[in-house]
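>>> got a structure for you, letters missing:
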């Protein structure tokens, strides 16, 4: 794997005397229970999407800074980018993340999510990948298998097709086969 490895050392710092938590660059953090996000989703799904987007953007910005900007991210090997994405999202407590390639389709899998919400996770993933790569990216939920949630990652138009196929009750394999012919 060519490129800098993800290094979680110092990713979260606690200053107990000042009552502060911060990231490696000094940006303030708030540590909160996952149940707080779940409670918010029950009353305001839009707020959960916005919260997920902000968390994703922050993670994506850290990846871009570490890999030489969005151009560095786009030129890096996929394994390097995925390693950094998985590391940042793990440090943030989102869950364990990996990518699957199904032909041209890119599927992001979240295992053991702290908040098993399609709205929250989709917002986090799309914003993180978008902020890191400097491109408009959408994450559309494509299926669940026990403790794993899968999201299609791609262009808004294709993500909308995925959402339509999911709403029609299509199986994962059918959805992936269907989007192979279209732009992602």
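Nice, thanks for sending it over. Given the structure is predicted, the values throughout are model-derived calculations rather than measurements.
>>> Nearest residue to the middle of this structure?
Nearest to the geometric centre of the chain sits residue 125, at 2.0 Å (CA atoms, centre = their mean).
>>> Which secondary structure state does the nearest residue to it once chain neighbours are set aside sit in?
Leaving out its chain neighbours, the residue that sits closest to residue 125 by CB to CB, 6 or more residues apart in numbering is residue 139, at 3.9 Å. Every residue, glycine included, has its C-beta placed from N, CA and C. Of the three states, residue 139 takes strand according to DSSP: H, G, I helix; E, B strand; the rest coil.
>>> which residue ranges form the strands in this structure?
Ranges of strands in the chain, per DSSP state E, are 12-15, 20-23, 28-29, 96-102, 105-111, 138-145, 148-154.
>>> Any chance you could list what contacts stretch 63-71?
Residues outside stretch 63-71 that contact it (CB atoms under 8 Å, 6 or more residues apart in numbering): 3-4, 25, 72-73, 76, 80-81, 84-85, 88, 128, 131-135.
>>> ok so, going back, now that the residue nearest to the centre of the chain has come up, it's in contact with residue 110, right?
Yes: the criterion here is CB atoms under 8 Å, and residue 125 meets it with residue 110 at 7.5 Å.
>>> Common neighbours of these two, please.
Common neighbours of residue 125 and residue 110 (CB under 8 Å, 6+ apart) are 97, 151.
>>> tell me the helices in this structure, going along the chain?
34-43, 45-67, 69-75, 78-91, 118-133, 156-167, 172-179 (DSSP state H).
>>> residues making contact with stretch 110-127?
Residues contacting stretch 110-127 (CB under 8 Å, 6+ apart): 34, 37-38, 41, 45, 48-57, 59-60, 89, 92-98, 108, 137-141, 147-151, 153.
>>> for stretch 39-50, same thing?
With contact meaning CB under 8 Å, 6+ apart, stretch 39-50 is reached by 37, 51, 115, 117, 119, 120, 122, 123.
>>> closest to residue 162 among the residues you listed?
Nearest to residue 162 among those is residue 122, at 10.9 Å by CB to CB.
>>> Beta-bridge partners for the nearest residue to that closest one once chain neighbours are set aside, please?
Distances taken as CB to CB, 6+ apart place residue 139 nearest to residue 122, at 4.3 Å, with adjacent residues excluded. Counting by DSSP bridges, residue 139 is bridged to residue 153.
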